[in-house]
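Novice: Please work out how this folds:
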Amino acid sequence: MTTDASETYRIAMILHPRYKLQYFHNRRWETDWIEIAEEILRDEYKCLYGSLQVDDSANATSSGFDPGPGPSTSSGMHEPNMFDEPPPADPGAHSLVNDDSASEIDHYLVRDVDSKCVDALAWWATPENKCRYPRLSRMALDYLSIPATSVEVERVFSRGRILISHLRNRLAPQTIRSLLCLNYWSKGGLVQDKDILFIARSNPEVEDDGDVEFEDGWDAV
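Specialist: Now for the predicted structure:
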């Protein structure tokens, strides 16, 4: 099973609001496999995202992000496939968990799947969902923006080789990652001109050709 080859596939699938864990149940995947997939998601969230600092007083709309009228709902314009089957709602998942100690994952999984969602990135990037899941949305945007095919991955390597030329071979891994992410985020409409101007004006000048160390959370979408 190809999905077993990468934990990223499992995490990305669960973080798609149209499927979550319900898709695996509908397709009668093994219970142990589903439980392991959820455990992988929770471990990754706890390790890298659960402790991220968020500004509770900040208004989610202050980021100014506008996902636009993109394909956030099904319109019949896409080719039918096995993933188009709307999963039935879980009868026991109609009420949102009210326990403040429950993680964002619990809140996310207990809600019904969004059978109309087509563009998962646009769904997570809405101010409403970024406010409801401040940390989980960061994780979802990180994982769902990863190219899903080996062909696209090869293209990423090709772009990386163009970026790291023979005359530009001293870039730190952090700098390379930043530039590649910025490239794909820009194409996906996740980067605004005002954000670039803000970074350019606030970025400290470097006397030598070394790399600047950014604080944790610098790559927040």
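Novice: Using the record's assignment, carve this protein into domains.
Specialist: Here the domain parsing of the chain from automatic domain parsing is 2-144, 152-202.
Novice: pLDDT-wise, which helix or strand of this protein ranks last?
Specialist: helix 150-163 (a mean of 67; mean pLDDT, DSSP states H and E).
Novice: quick one on the thing from earlier: which of the domains of the chain sits most buried?
Specialist: Comparing the domains of the chain by mean neighbour count (mean count of other Cβ atoms under 10 Å), domain 2-144 ranks first with a mean of 15. For glycine as for every other residue, the C-beta is placed from the backbone atoms N, C-alpha and C.
Novice: average model confidence for that one?
Specialist: Computed over domain 2-144, the mean pLDDT rounds to 75.
Novice: and if you look at stretch 199-211?
Specialist: Here the average pLDDT along stretch 199-211 is 67.
Novice: Need the distance between the two termini of stretch 117-126.
Specialist: 12 Å (Cα to Cα, to the nearest Å).
Novice: swap in stretch 163-177?
Specialist: Span of stretch 163-177 from end to end, Cα to Cα: 11 Å.
Novice: ok, now stretch 113-129?
Specialist: OK, stretch 113-129 end separation, Cα to Cα: 14 Å.
Novice: for this protein, what spans make up the helices?
Specialist: Secondary structure of the chain (DSSP state H): helices located at 7-14, 22-26, 31-44, 104-110, 120-125, 127-132, 136-144, 150-163, 173-187, 193-202.
Novice: what's the second one packed up against?
Specialist: Helix 22-26 makes packing contacts with helix 31-44 when contacts are defined by 3 or more Cβ pairs under 8 Å, 6 or more residues apart in numbering; DSSP states H and E.
Novice: And for the helix it packs on, what's in contact with it?
Specialist: 7, 10-11, 13-15, 21, 24-25, 103, 105, 109, 139 (Cβ atoms under 8 Å, 6 or more residues apart in numbering).
Novice: separation between the closest residue to Ile14 other than its chain neighbours and His166?
Specialist: Sequence neighbours aside, Leu41 is the residue nearest to Ile14 in space, at 5.3 Å (criterion: Cβ to Cβ, 6 or more residues apart in numbering). The gap separating Leu41 from His166 is 41 Å, by Cβ to Cβ, to the nearest Å.
Novice: and if you look at Asn129?
Specialist: Taking Cβ to Cβ, one finds Asn129 at 44 Å from His166.
Novice: Equivalent analysis for Leu190, please.
Specialist: 31 Å.
Novice: do Trp185 as well
Specialist: As judged by Cβ to Cβ, Trp185 and His166 stand 27 Å apart.
Novice: Same question for Tyr49.
Specialist: For Tyr49 relative to His166 (Cβ to Cβ), the value is 37 Å.
Novice: just Leu52 next, same as before
Specialist: Leu52 is 38 Å from His166, by Cβ to Cβ.
Novice: Same check on Asp119?
Specialist: 39 Å.
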